[in-house]
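>>> Quick one: sequence plus predicted model below, questions after.
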Amino acid sequence: MTNTRTFRLIRVIFLALAATVASVAPLSAADYTIYTGRFTLPFEAKWGTATLPPGEYTFTLNQATVEGSLKVTSHDLKSTVFVHVQGVLERDFTGQSALIMVRSGGKYKVRALHATEIGKVLTFGTSQAERQMLAQGPELIQRIPVLIAHNK
């Protein structure tokens with residue numbers, strides 16, 4: 001009799017726990033997505049520690065991105081990289097959203113994402129060696145347009 005009561009109590013606790021987990025599961029990271037865009041790289045570019053070949057990409061910015069990473073996925077879904085966001089600036093600016101690229105020594109690097117629709121600029125860091133190299137040579141700044149796929 002005691003075993004039956006214990007079993008019932010364990011079963012009730014388990015069901016209550018399962019119901020709690022099931023009610024929280026729909027609150028995934030996708031529910032917190034605030035900005036999704038796509039862009040086409042016409043050339044190879046370094047973004048954080050990743051080197052992206054020319055091609056089409058999508059990215060997702062969610063509530064946690066400001067303290068973490070931006071998810072960048074190739075159009076063919078064969079590769080996904082997470083790029084560390086160094087800083088987020090609040091800005092009021094007009095024009096189309098864009099990736100800000102810097103070319104130095106014949107190589108491109110993503111420096112910032114201007115997200116016009118949400119009034120933010122995400123910046124991406126460079127190492128000390130890269131800063132020294134950029135200071136020594138001329139740089140060319142290029143804007144890659146970003147098309148908005150989702151904006152909450």
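Yep, it's here. Numbers count the residues shown, from 1 in each chain.
>>> Please verify my assumption that E56 contacts V72.
No: taking contacts as Cβ atoms under 8 Å, E56 lies outside contact range of V72: 11.3 Å. Quick note: C-beta positions are derived from backbone N, CA and C, even for glycine.
>>> Please identify which of these two sits among more neighbours.
V72 (20 against 12; other Cβ atoms under 10 Å).
>>> Strands along this protein, start to end?
Assigned by DSSP state E, the strands in the chain fall at 33-41, 45-47, 50-52, 55-62, 69-74, 80-84, 87-90, 98-104, 107-115, 120-123, 140-145, 147-151.
>>> who wins for proximity to I10 among the ones you listed?
strand 55-62 (37.3 Å; Cβ to Cβ).
>>> Can you list the buried residues in the closest one?
For strand 55-62, the neighbour count (16 or more other Cβ atoms under 10 Å) marks 57-62 as buried.
>>> now stretch 81-100
81, 83, 85, 88, 97-100.
>>> Tell me where this structure is predicted with low confidence.
1-3, 7, 9, 11-33, 63-68, 126-139, 149-152 (pLDDT under 70).
>>> Could you rerun that using 80?
1-35, 61-69, 77, 91-94, 125-140, 148-152 (pLDDT under 80).
>>> and the nearest residue to T94 once chain neighbours are set aside, what is it in contact with?
Counting by Cβ to Cβ, 6 or more residues apart in numbering, T94 lies nearest to T116, which is 7.0 Å off, once chain neighbours are set aside. Counting by Cβ atoms under 8 Å, 6 or more residues apart in numbering, T116 touches 93-97.
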